[in-house]
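>>> Build the 3D model from these lines:
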Amino acid sequence: NAEREIIHGRWAMLGVTGAWAAENGTGVPWFKAGELCGPDECTNFVFPGAIAPLAPEGSGFPNFWAVLGFEIIAVGGAEALRTGLVDPAFPELTVGDVSPGGRFDPFNFAEKYDLEELKIKELKHCRLAMFAWNGLIFQAVATKEGPIANWSAHVADPVHVNVMAKGMFF
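A predicted model of the protein is given here:
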């Protein structure tokens with residue numbers, strides 16, 4: 001089903017971008033962030049390479065449980081609107097339609113370009129992002145390093161640091 005593929009692909013695009021940005025900004029791979037910052041001791045934690053701590057000392061922000069509750073309400077509300085559990089706020093939004101256009105078209109792409117072609121392009125990008133996310137997972141398992149560290153090592157020595165290197169296959 002193309003609808004599910006697009007939804008999963010959009011999450012994969014966010015995940016790949018987030019994994020890259022997290023390691024690029026802090027030096028900590030995406031799969032090790034939870035080891036360094038847990039619900040109880042994350043308020044005054046400074047990630048390696050970060051400019052400032054996550055919150056001022058003694059402020060209590062960001063409170064893990066408040067952030068979790070906000071995410072559950074925000075994502076749950078969006079999913080309720082998308083699936084039709086709640087009536088759409090705007091009449092031009094159709095339930096179950098994941099394609100852009102209508103109210104969610106701030107740059108008028110639906111009018112400037114061929115909307116059917118843009119839908120195909122988005123589906124292709126979604127498939128590529130899902131494939132990339134699987135690559136991030138497999139390289140994390142195989143090398144115990146993040147995407148930036150793996151790429152830097154490969155660029156420095158492409159002959160010996162690649163998928164064919166000893167120990168890369170299980």
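>>> What separation do you get for residue 149 and residue 136?
Distance, residue 149 to residue 136, using Cβ to Cβ, to the nearest Å: 12 Å. Where you see a C-beta, it was placed from the backbone N, CA and C, and this is true even at glycine.
>>> Residue 108 too?
Residue 108 sits at a distance of 34 Å from residue 136 (criterion: Cβ to Cβ).
>>> For those two, indicate the residue with more neighbours.
residue 136 (20 against 9; other Cβ atoms under 10 Å).
>>> and the more buried one, what does it touch?
15, 16, 19, 30, 147 (Cβ atoms under 8 Å, 6 or more residues apart in numbering).
>>> Which members of these are classed as buried?
15, 16, 19, 30, 147 (16 or more other Cβ atoms under 10 Å).
>>> The second one contacts residue 128, correct?
No. Under the criterion of Cβ atoms under 8 Å, residue 16 makes no contact with residue 128, lying 9.3 Å away.
>>> Of all the residues in the lowest-mean-pLDDT helix or strand in the chain, which ones are buried?
Taking mean pLDDT, DSSP states H and E as the measure, the helix or strand of the chain with the lowest value is helix 33-36, at a mean of 74. Residues of helix 33-36 classed as buried by neighbour count (16+ other Cβ under 10 Å): residue 33.
>>> Using CSV, write out the CA atom coordinates for that helix.
C-alpha atoms of helix 33-36 as CSV (Å, rounded to 0.1, in the frame of the first residue of the first chain):
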residue,chain,number,x,y,z
ALA,A,33,22.5,8.8,23.0
GLY,A,34,20.3,7.0,25.5
GLU,A,35,23.3,5.7,27.4
LEU,A,36,24.5,9.3,28.0
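>>> What's the first helix or strand after it?
helix 64-83 (DSSP states H and E).
>>> from the chain's centre, how far out does that following helix sit?
Remark: helix 64-83 is offset 16 Å from the chain centroid, using Cα atoms, centre = their mean, to the nearest Å.
>>> same for the helix or strand just after it, what does it pack against?
Downstream of helix 64-83, the next assigned helix or strand under DSSP H and E is helix 109-112. Here helix 109-112 touches helix 115-143, going by 3 or more Cβ pairs under 8 Å, 6 or more residues apart in numbering; DSSP states H and E.
>>> Pick the one among the contacts of residue 136 closest to residue 116.
Closest to residue 116 out of these is residue 16 (25.7 Å), distances taken as Cβ to Cβ.
>>> residues touching that closest one, list them.
Here residue 16 is in contact with 129, 132, 133, 136 (Cβ under 8 Å, 6+ apart).
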